[in-house]
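*Asks:* I'd like to go over a predicted model; first the sequence, then the structure.
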2 protein chains.
Amino acid sequence: MDTKNISQAVISRLPRYYRYLGDLKDEGTERISSGELSDIMKVTASQIRQDFNNFGGFGQQGYGYNVEYLYDEIGKILGLNEAHHLIIVGAGNLGRALTNYSNYENRGFIFEGIFDHDPSLIGKKIGELTVMPMDELEDFIISRNIDIVVIAIPKTGAVSVADRVVRCGIKAIWNFAHTDLNVPEGVVVENVHLSDSLMKLSYMLTQ
Amino acid sequence: MDTKNISQAVISRLPRYYRYLGDLKDEGTERISSGELSDIMKVTASQIRQDFNNFGGFGQQGYGYNVEYLYDEIGKILGLNEAHHLIIVGAGNLGRALTNYSNYENRGFIFEGIFDHDPSLIGKKIGELTVMPMDELEDFIISRNIDIVVIAIPKTGAVSVADRVVRCGIKAIWNFAHTDLNVPEGVVVENVHLSDSLMKLSYMLTQ
DNA sequence: CATTTTATGTTAAAATATTAACAGTATGCG
DNA sequence: CGCATACTGTTAATATTTTAACATAAAATG
């Protein structure tokens, strides 16, 4: 069910499917066809079937897809069946927003700690978490089995933080810094470049 | 220099070029070739040349590209030569983070106001801005010539806010709500679905 | 000032991704 | 229980995107 090289385009669409299927499940919809889903999501039915079939057949001819089953399966593909343990580096506005955001939006992603180098922030409570100093970073990651690090600091510090966490075994970085990170083979980075996103909007608006 | 249907893929890459060119400019680099840029950015030189040529020839054979000129031109393409006036709907953690974020990161994007429906937040200061009540939304948009609305509220309210702002002429929405917005032809939406992004990371980590 | 080098703009080829078509199977209904 | 219908899974066609190739023009060199 995995490593045969699924394209980035397909992967990017999976969370959206997951979202719509979750909504359908909540509404009590039991089954859905690629055609109906196509209408709701505004993508072709063909694409939906192709996408799902990258991971095996989840549907049944003449019936369609069972919503709950499909939802669960996509969840598994996305790795949501097991919990992830995160820390946030950077207790600025964005770090704080993400801490809080997690509580009600992202089950399965457990925010275990938040770090900052600013002495005036250390010890402060942010939601359930207490800001920790940067020199405790490595110990915390290792002792708490952290698997995802969120980088929410300005770009000047981002690269060195990435290096530090990679050195203690982190394999996934959610990067909000306004720069690209160079990481070794086997480490994945998901960038959220807000400025890039805003510029794209500006472009579209200008047309 | 415009409407001949530039692909989404190209547009998505423009801000990244802009970022790297800005860095090069700051370092004092005067000229650069597609080959050198290719090395730095880890994309093919061919793609770089193709991308730029969608908008006309910015370089010179045997010389390459003038960094500052190219930077400015891409800025213009992205619509960064004129200021944009934004408001944020939602004074929660995310809204607050974006307000502050803007100050030091995004010149040319001017955050003019922030709104919330929660009475306990109205009147509070967030950076330079004061939280305003939702019933002043339309008047403010019109009187201040707002051209971009940032939606930073939970999905339950997002759709109706989008409808409201579209009705008073807004053509661009930066959507952080965990839902898709249905907008009429001519209105553009740039989604920042943080959960989707995190799920993508989870997928990559699982592989 | 001629010659070599460099590097673009552009055309052509290859690789990917999307859409359409269809064969075949389960379902639902009479 | 058989027949029509409704769908998927999958293969084929089309469209798009990316990469490579190359002809040409400016720049550098001696």
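*Replies:* Happy to help now that I have it. Numbering: from 1, shown residues only, chains lettered A, B, ... in the order given.
*Asks:* Specify the residue positioned farthest from the middle of chain A.
*Replies:* In terms of distance from the mean C-alpha position of chain A, residue A:62 ranks first, at 34.4 Å (CA atoms, centre = their mean).
*Asks:* quick one: secondary structure of residue A:37?
*Replies:* The three-state assignment at residue A:37 reads helix, by DSSP: H, G, I helix; E, B strand; the rest coil.
*Asks:* Okay, the nearest residue to it once chain neighbours are set aside and residue B:9: tell me how far apart.
*Replies:* Leaving aside its sequence neighbours, residue A:37 sits nearest to residue A:48 (CB to CB, 6 or more residues apart in numbering or on different chains; 5.6 Å). In this view, the C-beta of every residue, glycine as well, is placed from N, C-alpha and C. Residue A:48 sits 21 Å away from residue B:9, going by CB to CB, to the nearest Å.
*Asks:* Looking at those two, which is more packed in?
*Replies:* A direct count of neighbours by other CB atoms under 10 Å in any protein chain shown for residue A:48 and residue B:9 places residue A:48 higher, at 22 against 9.
*Asks:* so what's the more buried one up against?
*Replies:* Residues in contact with residue A:48 (CB atoms under 8 Å, 6 or more residues apart in numbering or on different chains) are A:17, A:34, A:37, A:38, A:41.
*Asks:* Pull out the buried residues from the helix or strand that it is a member of.
*Replies:* Assessed by DSSP states H and E, residue A:48 sits inside helix A:45-53. Neighbour counts using 16 or more other CB atoms under 10 Å in any protein chain shown place A:48, A:49, A:51, A:52 of helix A:45-53 among the buried residues.
*Asks:* And stretch A:59-73, by the same measure?
*Replies:* A:59, A:64, A:65, A:66, A:67, A:70, A:71, A:72, A:73.
*Asks:* cool, stretch A:119-137 as well?
*Replies:* A:121, A:122, A:126, A:129, A:131, A:132, A:134, A:137.
*Asks:* How about that stretch and chain B, touching?
*Replies:* No. Looking at stretch A:119-137 against chain B by CB under 8 Å from any CB of the partner chain, there are no contacts, and the closest approach is 9.3 Å.
*Asks:* hmm, who's touching the longest strand belonging to chain A?
*Replies:* For chain A, the strand with the greatest residue count under DSSP state E is strand A:109-116. Strand A:109-116 is contacted from outside by A:83-92, A:95, A:98-99, A:102, A:122, A:126, A:129-134, A:136-137, A:140, A:144, A:146, A:148, B:198, B:202, using CB under 8 Å, 6+ apart.
*Asks:* Name every strand pairing with that strand and say which way it goes.
*Replies:* Using DSSP bridges, the strands paired with strand A:109-116 in its sheet are strand A:84-89 (parallel), strand A:129-133 (parallel).
*Asks:* Would you map out the domains in chain A?
*Replies:* Annotated domains of chain A cover A:8-77, A:84-197 [automatic domain parsing].
*Asks:* Check the ones you listed for me and report the most buried one.
*Replies:* Highest mean neighbour count among the domains of chain A (mean count of other CB atoms under 10 Å in any protein chain shown): domain A:84-197, with a mean of 18.
*Asks:* quick one: terminal-to-terminal distance for it?
*Replies:* In domain A:84-197, first residue to last residue: 26 Å (CA to CA, to the nearest Å).
*Asks:* Tabulate the contacts of residue A:48 (CSV), appending pLDDT and distance to residue B:21.
*Replies:* As requested, those are arranged in CSV below (pLDDT from 0 to 100; distance: CB to CB, whole Å):
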residue, pLDDT, distance to residue B:21
A:17, 98, 36
A:34, 97, 43
A:37, 97, 41
A:38, 97, 40
A:41, 97, 37
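*Asks:* Kindly reformat the residues you listed as JSON lines containing distance to residue A:156.
*Replies:* Shown next, in JSON lines, are the contacts of residue A:48 (distance: CB to CB, whole Å):
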{"residue": "A:17", "distance to residue A:156": "38"}
{"residue": "A:34", "distance to residue A:156": "48"}
{"residue": "A:37", "distance to residue A:156": "45"}
{"residue": "A:38", "distance to residue A:156": "46"}
{"residue": "A:41", "distance to residue A:156": "41"}
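*Asks:* For chain A, which segments count as helices?
*Replies:* A:8-26, A:34-41, A:45-53, A:67-77, A:93-105, A:137-143, A:155-167, A:194-206 (DSSP state H).
*Asks:* just flag whichever of the ones you listed has the lowest average confidence.
*Replies:* Within the helices of chain A, confidence is poorest for helix A:93-105, with a mean of 83 (mean pLDDT).
*Asks:* who's the nearest residue to residue A:119 once chain neighbours are set aside bridged to?
*Replies:* Leaving out its chain neighbours, the residue that sits closest to residue A:119 by CB to CB, 6+ apart is residue A:133, at 7.7 Å. Taking DSSP bridges, one obtains residue A:116 as the residues bridged to residue A:133.
*Asks:* can I assume residue A:133 is in contact with residue A:118?
*Replies:* No. Assessed by CB atoms under 8 Å, residue A:133 is found out of contact with residue A:118, at 9.3 Å.
*Asks:* Please identify which residue in chain A comes closest to DNA strand C.
*Replies:* residue A:62 (2.6 Å; CB to the nearest atom of the strand).
*Asks:* Quick check: that residue vs residue A:156, distance?
*Replies:* Distance from residue A:62 to residue A:156, by CB to CB: 59 Å.
*Asks:* likewise residue A:186?
*Replies:* 26 Å.
*Asks:* Next: residue A:190.
*Replies:* Applying CB to CB to residue A:190 and residue A:156 gives a distance of 21 Å.
*Asks:* Residue numbers of chain A in contact with DNA strand C?
*Replies:* Taking CB under 7 Å from any atom of the strand as the contact definition, chain A meets DNA strand C at A:7-10, A:43-44, A:46-47, A:49-50, A:60-63.
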